[in-house]
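Enquirer: Predicted coordinates and the sequence they were generated for:
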Amino acid sequence: MADFDAVIVGGGFAGVCMLHRVRGLGLTARVYEAGSGVGGTWFWNRYPGARCDVESMEYSYQFSDELQQEWAWTERYASQPEILAYINHVVDRFALRGDIQVNTRVKSAVFDESAGRWRVETATGDRVSAKFCIMATGCLSSANIPKFKGRDSFGGLMLHTGNWPHERVAFTGKRVGVIGTGSSAIQAIPLIAEEAAHLFVFQRTPTYSVPASNHPLDPGVQRRVKADYAGLRQTASQMPFGFDTRSTEKLAMEATEEERRAEYEDRWERGGLPFLGTYADLLFSKEANDTAAEFIRGKIRAIVRDPKVAETLTPTMVVGCKRLCSDTGYYETFNRPNVTLVDVSRSPIDEITPHGLRTKDQAYELDCIVFATGFDAMTGALMNIDIRGKGGITLARKWAEGPRTYLGVATAGFPNLFIITGPGSPSVLSNMVPSIEQHANWISRCIGYMDEQDVERIEPTVDAEDAWVAHVNEVADGTLYPTCNSWYLGSNIPGKPRVFMPYLGFPVYVQKCEEVAAKGYEGFALMPR
Ligand code: NAP
């Protein structure tokens, strides 16, 4: 059995960054990655139109200024192939590939109490041990395909956006059905519509989306950012979501109607997620939120020509409660003659048939079904691994009523197990790359501290964990987030406990992590060597 200082599960942005950090500590490490290449999210999500909705200049690592300076992004929002090329470049540039074993899914990770080591087993039969086990398994990596009756009877092509084939899928001349209208669907739908003979969009909940206004990145803009990259990173780190949303302290209800309209119009034109940064109270006050929601509803009515279709596309919930989307020509697509919107909230999908699918009211003949039905978010990938801590307790049992962590980075009873951007950390409510990097930095500093101080094991105390879980919930309860059935709450997965999983507030969170470290890892139990 091979022994490592650290086993890292997952070779996406988190695993790659963590490997770089533990290498820096002089530790031996092995990364296991289920895919045939690195990249995680950006390896698997190859559907047409897949691109990041955080600007490319910010969706990148900052651990090496040379890397920041030499890499040139081509668009304001980077496409999936470009991000995949970037992460591969990072792996090669820092000579990390040798420690990454691809095509290898981790099956179990069991803490051996007497040896104080994690025993990790893969589906391909590797058995290794490591002092530290670091879960870099991703927040949105366990694809959710609803268990529709007759699902496996379909005779055509069935795809999930999060597990897309590597070769191009041709939709020409095909009748295509897309199930779902979340971030993945709204990117894929306009492009599939351009190609398909006919596209049926099966929508359960309408989506708020702001145009991305994507464009080639002006070399002048890029040069200016690079001249003070640290400045951009610093500004971003002080924003509520950890990226430059141009968030203000202004309150919507303190502005006049004309001022609000002008602000929203300006943000709509500039495009993207900073729309939610227009006013500080948009996610806290229903009255404030209504003003933003009504603005977007007005845009939908203006864009979509058929008033009935427009009405079906118009959301009624709080804007931002489910993740705000950012699109290129999404609502406009419903003006095409070859696109039909099907409201499956009124007439749910009853079954998948050999030739298509049937809703309560009607049968649809399809050559291809695209499931854009999302993920078992934040906990799914962890639950797919048999993780056992002290006393043989499984993580699945410990988290049966919802995930419990301290700072989203560790969980009591599982010594020397770290989770990158786990539930209870800002993760999906932030720019993922800086959040990943902040965790990888914090974990590597913690490991370094343990070495200096002769600490053998670390795990959160139950008290600290309980207090943190309560705090995460309290913060969420003070917002409008729990007012709809989002995947943040696990509501998209039947039977999953309804618990708000991410922590809202990147700057406050980072400060808390710093304080915990400065106080000798307050809230953690440290066992000496
Ligand atoms: P998602 O946001 O969870 O959307 C899933 C869609 O499938 C929803 O419209 C959902 O409807 C629908 N659905 C699920 N089960 C269904 C069923 N049984 N019947 C009918 N409809 C069903 O998933 P996603 O679009 O893959 O996005 C997930 C997250 O990934 C995003 O929120 C974002 O954080 C990230 N992402 C980011 C980007 C980007 O950076 N641009 C792109 C893609 C994804 P309901 O709403 O009614 O449940």
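Expert: Thanks, I have it. Numbers count the residues shown, from 1 in each chain.
Enquirer: Count the neighbours of the closest residue to the ligand within the stretch 301-450 of the chain for me.
Expert: Among the residues of the stretch 301-450 of the chain, residue 374 lies closest to the ligand, at 2.5 Å counting by C-beta to the nearest ligand atom. To be clear about C-beta, it is placed using only N, CA and C from the backbone, and glycine gets the same treatment. If you count neighbours by other C-beta atoms under 10 Å, residue 374 ends up with 24.
Enquirer: How about residue 227?
Expert: 10.
Enquirer: Looking at the backbone only, give me phi and psi for it.
Expert: With angles defined as degrees, to the nearest 10, residue 227 sits at phi -70, psi -20.
Enquirer: wait, what's in contact with the residue of the stretch 301-450 of the chain closest to the ligand?
Expert: 140, 144, 162, 180, 182, 184, 487, 492 (C-beta atoms under 8 Å, 6 or more residues apart in numbering).
Enquirer: repeat that with 6 Å
Expert: Residue 374 makes contact with 144, 182, 487, 492, according to C-beta atoms under 6 Å, 6 or more residues apart in numbering.
Enquirer: Can you say which of those are also within reach of the ligand?
Expert: Near the ligand, judged by C-beta under 6 Å from any ligand atom, the entries from the contacts of residue 374 are 182, 487, 492.
Enquirer: and of those, the nearest to the ligand?
Expert: Among these, and counting by C-beta to the nearest ligand atom, the member closest to the ligand is residue 182, at 2.3 Å.
Enquirer: Quick check: phi and psi on the closest one?
Expert: Per degrees, to the nearest 10, the backbone of residue 182 is at phi -90, psi -160.
Enquirer: The residue of the stretch 301-450 of the chain closest to the ligand - nearest residue in space that isn't next to it in sequence?
Expert: Closest residue to residue 374 apart from its sequence neighbours, by C-beta to C-beta, 6 or more residues apart in numbering: residue 144 at 5.2 Å.
Enquirer: how about that neighbour, phi and psi?
Expert: phi -110, psi 110.
Enquirer: what about burial for the contacts of residue 374, which qualify?
Expert: Listed as buried from the contacts of residue 374 are 144, 182, 487, 492; burial here means 16 or more other C-beta atoms under 10 Å.
Enquirer: Most widely separated two among these?
Expert: By the measure C-beta to C-beta, 144 and 182 form the most distant pair in those, at 10.6 Å.
Enquirer: quick one: average pLDDT of the host helix or strand of residue 91?
Expert: Assigned by DSSP states H and E, residue 91 belongs to helix 80-93. Helix 80-93 carries an average pLDDT of 98.
Enquirer: Show me how far the helix or strand that contains residue 110 is from its chain's centre.
Expert: Per DSSP H and E, residue 110 falls inside strand 106-112. In terms of C-alpha atoms, centre = their mean, to the nearest Å, the centre of strand 106-112 is found 25 Å from the chain centre.
Enquirer: how close does the closest residue to residue 396 other than its chain neighbours get to residue 480?
Expert: Spatial nearest neighbour of residue 396, chain neighbours left out: residue 383 (5.4 Å); criterion: C-beta to C-beta, 6+ apart. Separation of residue 383 from residue 480 (C-beta to C-beta, to the nearest Å) stands at 28 Å.
Enquirer: and for stretch 55-66, what are the contacting residues?
Expert: 52, 73, 76, 78, 225, 233, 236, 243, 431, 433.
Enquirer: my hunch is that the fifth one is in a helix, does that hold up?
Expert: Yes: under DSSP: H, G, I helix; E, B strand; the rest coil, residue 225 sits within a helix.
Enquirer: what number of residues lie near it?
Expert: By other C-beta under 10 Å, neighbour count at residue 225 equals 18.
Enquirer: ok, for it, nearest residue in space, not its chain neighbours?
Expert: Nearest residue to residue 225, sequence neighbours excluded (C-beta to C-beta, 6+ apart): residue 57, at 5.0 Å.
Enquirer: Tell me the spacing between the one you found and residue 40.
Expert: Taken as C-beta to C-beta, the span from residue 57 to residue 40 is 20 Å.
Enquirer: Please say which of these two ends up with more neighbours.
Expert: Shown here are residue 57 and residue 40; by other C-beta under 10 Å, residue 40 has more neighbours (29 against 23).
Enquirer: how about low-confidence regions in this structure?
Expert: Within the chain, the set of residues satisfying pLDDT under 70 is empty.
Enquirer: can you tell me which helix in it is longest?
Expert: helix 432-452 (DSSP state H).
Enquirer: Show me which residues of the stretch 301-450 of the chain are close to the ligand?
Expert: Residues of the stretch 301-450 of the chain lying near the ligand (C-beta under 6 Å from any ligand atom): 323, 344, 349, 372, 373, 374, 375, 428.
Enquirer: Try it again at 8 Å.
Expert: 322-323, 325-326, 344-345, 348-349, 371-375, 377, 428 (C-beta under 8 Å from any ligand atom).
Enquirer: before we move on, the earlier item: the strand holding residue 110: partners in the sheet, and parallel or antiparallel?
Expert: Next to strand 106-112 in the sheet, as set by DSSP bridges, lie strand 117-122 (antiparallel), strand 386-388 (parallel).
Enquirer: what residues does the helix holding residue 91 touch?
Expert: Contacts for helix 80-93 (C-beta under 6 Å, 6+ apart): 16, 38, 39, 42, 46, 50, 97.
Enquirer: do stretch 191-203 as well
Expert: The contact list for stretch 191-203 (C-beta under 6 Å, 6+ apart) reads 48-49, 171-179, 181, 333, 336, 338-342, 344, 364.
Enquirer: I only care about these that end up buried; give me the PyMOL line for that.
Expert: Buried members of the contacts of stretch 191-203, defined by 16+ other C-beta under 10 Å, are picked up in PyMOL with:
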select buried, resi 48+49+171+174+175+176+177+178+179+181+333+339+341+342+344+364
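Enquirer: What about the contacts of stretch 191-203, which are in strands?
Expert: Members of these lying in strands (criterion: DSSP state E): 175, 176, 177, 178, 179, 339, 340, 341, 342, 364.
Enquirer: Can you tell me which of these is closest to residue 314?
Expert: Closest to residue 314, out of all of the ones in strands among the contacts of stretch 191-203 and judged by C-beta to C-beta, is residue 341, at 11.4 Å.
Enquirer: Pretty sure the closest one sits against residue 309.
Expert: Yes: at 5.5 Å, residue 341 counts as touching residue 309 under the criterion of C-beta atoms under 6 Å.
Enquirer: Mind listing the shared neighbours of these two?
Expert: By C-beta under 6 Å, 6+ apart, the residues touching both residue 341 and residue 309 are residue 334.
Enquirer: before we move on, the earlier item: which of the ones in strands among the contacts of stretch 191-203 sits closest to residue 452?
Expert: residue 179 (52.8 Å).
Enquirer: Please report how far that closest one lies from residue 185.
Expert: 8 Å.
Enquirer: now residue 492
Expert: From residue 492 across to residue 185, the span is 13 Å (C-beta to C-beta).
Enquirer: which residues sit in contact with residue 405?
Expert: Per C-beta under 6 Å, 6+ apart, neighbours of residue 405: 411, 422, 424.
Enquirer: For these, which entry has the maximal number of neighbours?
Expert: residue 424 (29 neighbours).
Enquirer: Name the nearest residue to it, ignoring sequence neighbours.
Expert: Leaving out its chain neighbours, the residue that sits closest to residue 424 by C-beta to C-beta, 6+ apart is residue 408, at 3.6 Å.
Enquirer: Same question for residue 51.
Expert: Nearest one to residue 51, counting by C-beta to C-beta, 6+ apart, is residue 79 at 4.5 Å.
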